[in-house]
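> Output the structure for:
(one chain, ligands or ions: 2)
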Amino acid sequence: MSRLVVVSNRIADPRKPASGGLAVAVGQALEASGGLWFGWSGKIVENGTPGEGDLHLQQAGNVQLATVDLSREDHDSYYLGYSNGVLWPVFHYRLDLADFDAGYIGGYRRVNQMFAHKLASLLKPDDIIWVHDYHLIPLAAELRAMGCKQRMGFFLHIPVPPPLILAAVPAHDWLIRSLFAYDLVGLQSNTDVSHFSRYVGTETSADILGEHEFRAYGKTLQVQAFPIGIDVDEFTALGEGKDAQDMYAQMRREYSRRRLLLGVERMDYSKGLPQRLKTFRQLLQSYPENVGSATLIQIASPSRESVDAYAALKQELESLCGSINGDFGELDWMPVRYIHRNVARKRLPGLYRAASVALVTPLRDGMNLVAKEFVAAQDPEDPGVLVLSRFAGAAEQLPEALLVNPYDTLRTAETIQRALQMPLDERQRRHQALLARIREHDVYWWRHQFLAALAAIPAP
Ligand SMILES: O=P(O)(O)OC[C@H]1O[C@H](O[C@H]2O[C@H](CO)[C@@H](O)[C@H](O)[C@H]2O)[C@H](O)[C@@H](O)[C@@H]1O
Ligand SMILES: O=c1ccn([C@@H]2O[C@H](COP(=O)(O)OP(=O)(O)O)[C@@H](O)[C@H]2O)c(=O)[nH]1
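Ligands and ions are numbered 1, 2, ... in the order given. Model (predicted):
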């Protein structure tokens, strides 16, 4: 049987808890089959030589971890610069936040070349290679240039924007051309596939052979939606653990007379945090019965803090939380509890279960696994309500959530009020339907569908 080789910028020991949707999902998928997981070690070598990095090998159960260090210069141009300062904002429709400094692209190419070089030395002829996310789009092209003939698939965890926006990426034509070195490209949603297809139709000379098949640069490429999921049973079991139970008991004690609203994410401008806080303020203004009663716990775990746009967001959030608490708080009640720290994933199910409403309201998101985790953690007899942005990839799959436009604070506040007042039978009905959907399309379904589609493509 072929060995599975997974490549992603961020990797994690699958036996240990990880945070960040990609690391959690890939770790779970890889642990099921075993194989090799290759990526950045997380280490930055201050005076290291650009394009060079030590390779470390380690065995973690049935998964071999191969990691490479990055020099400071490579880290800053490849990870902070081109990946998170250009590709991330543009793919999340935020041209205003992109730093179009052409200098970054050199570092991005250099690190992809170095990764390809290190990885090639570890490959076997019949390996199946599965590359993840926007940091590594040109990896297959680099491997092919070195003569690698293995089957290669790519999964993009973030959204594909419409063609006009995608074409704002410096060197977008080179980037999309390099995707054709893969045999299969997986995207999160049908909307993403349709944006990709329109880009190919308008910006390249590719032949569109079918809804999912494109031919260009002497190569045929399949592009399909494979929405990522969670391991529902693993998450349910996590909820039965001591950490989650303690968290649940503590929250129930503190909020026995109050309603808990919850937001959990990395502190990222794509997650719509300022809009959410303004909406919560609107809720307190429009429905004053919530004053002294509804509390928003907002966890915003630190992320990419050396990128300017992230540092500015932190200041904005601190100011919004301060003003809401100052304007509405009472001696025995604070409306917002804001936590700028990572909360261990093993504690999250208890928090999710204690919440009456989850606010998952990104301005744009590839998928959003927190939405799915919230559903999995609920008590089916007395479930909380999911308020979900229609701009999250998850919205395509979860129509029984209360879908909102997060920019529209007035109507989103109305929807939150509806969630707080929703009768038990409607909550149960919606939860049952949502749970069935996340069970059917779980992380193992995702892995199996992608790898089966890749295996079905004739070897190059
Ligand atoms: O590695 P970081 O820079 O710390 O960021 C964490 C991850 O964020 C992004 O996650 C995406 O993947 C999730 C799973 O498919 C998806 O639910 C979410 O909507 C995406 O934002 C990023 O794409 C990953 O590469 C990062 O590791
Ligand atoms: O303090 C935190 C914040 C987030 N997470 C986890 O990080 C992942 C976030 O994934 P999602 O797809 O929602 O967004 P991403 O961060 O990948 O954009 C989920 O598994 C969360 O449970 C966590 O463990 N602790």
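> Indicate whether stretch 351-361 makes contact with ligand 1.
No - under the criterion of CB under 6 Å from any ligand atom, stretch 351-361 makes no contact with ligand 1; the nearest approach is 10.4 Å. To be clear about C-beta, it is placed using only N, CA and C from the backbone, and glycine gets the same treatment.
> gap between that stretch and the chain center?
Relative to the centre of its chain, stretch 351-361 is centred 18 Å away, using CA atoms, centre = their mean, to the nearest Å.
> Ligand 1 contacts on the stretch 101-250 of the chain?
Counting by CB under 6 Å from any ligand atom, the residues of the stretch 101-250 of the chain near ligand 1 are 133, 157-158, 228.
> Then the stretch 301-450 of the chain?
Within reach of ligand 1 by CB under 6 Å from any ligand atom, the stretch 301-450 of the chain has these residues: 303-304, 365-369.
> In three-state terms, label the residue of the stretch 51-200 of the chain found nearest ligand 1 for me.
Ligand 1 sits closest to residue 157 of the stretch 51-200 of the chain, with a gap of 3.4 Å, by CB to the nearest ligand atom. With DSSP: H, G, I helix; E, B strand; the rest coil as the basis, residue 157 sits in coil.
> thought it was touching residue 188?
Yes - using CB atoms under 8 Å, residue 157 makes contact with residue 188 at a distance of 6.9 Å.
> Compare those two and say which one has the larger neighbour count.
residue 188 (27 against 22; other CB atoms under 10 Å).
> which non-adjacent residue is nearest the more buried one?
Distances taken as CB to CB, 6 or more residues apart in numbering put residue 393 closest to residue 188, at 4.1 Å, once the chain neighbours are dropped.
> And residue 318, by the same measure?
Using CB to CB, 6+ apart and skipping the chain neighbours, the partner closest in space to residue 318 is residue 338 (7.7 Å).
> ok, what's across the strand from the one you found?
Listed beta-bridge partners, residue 338: residue 298 (assigned using DSSP bridges).
> isn't the residue nearest to residue 188 right up against residue 160?
No - in this structure, residue 393 is not within contact of residue 160 by CB under 8 Å, at 10.4 Å.
> which neighbours do those two share?
Common neighbours of residue 393 and residue 160 are listed as residue 192 (criterion: CB atoms under 8 Å, 6 or more residues apart in numbering).
> sorry, back to before: quick one, what contacts the residue of the stretch 51-200 of the chain closest to ligand 1?
For residue 157, the contacting residues are 21-22, 132-134, 188, 228, 366-367, by CB under 8 Å, 6+ apart.
> give me that answer again for 10 Å
With contacts defined as CB atoms under 10 Å, 6 or more residues apart in numbering, the neighbours of residue 157 are 8, 20-22, 25-26, 91, 132-134, 186-188, 228, 365-367, 393.
> do residue 359 as well
Contacts of residue 359 were listed using CB under 10 Å, 6+ apart, and they are 261-265, 272-273, 276-277, 279-280, 296, 298, 374, 386-389, 404, 406, 412, 415-416, 419.
> ok, now with 7 Å
By CB atoms under 7 Å, 6 or more residues apart in numbering, the contact set of residue 359 is 261-263, 276, 387.
> now do residue 166
By CB under 7 Å, 6+ apart, the contact list for residue 166 reads 160, 172, 199.
> Of those residues, just the buried ones, ChimeraX syntax please.
Remark: buried members of these, expressed as a ChimeraX selection using 16 or more other CB atoms under 10 Å:
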select :160,172,199
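> Lowest-scoring secondary structure element of this protein by mean pLDDT?
When each helix and strand of the chain is scored by mean pLDDT, DSSP states H and E, helix 21-33 comes last, with a mean of 81.
> C-terminal to that helix, which secondary structure element comes first?
Going down the chain from helix 21-33, the next helix or strand is strand 35-45, by DSSP states H and E.
> what does the helix or strand following that following strand contact?
The C-terminal neighbour of strand 35-45 among helices and strands, as given by DSSP H and E, is strand 55-60. The contact list for strand 55-60 (CB under 7 Å, 6+ apart) reads 13-15, 41, 64-68, 118.
> Next, count neighbours for the residue nearest to residue 188.
Neighbour count of residue 393, defined by other CB under 10 Å: 26.
> Surely residue 64 touches residue 30?
No - here residue 64 lies out of contact with residue 30, judged by CB atoms under 7 Å, at a distance of 10.1 Å.
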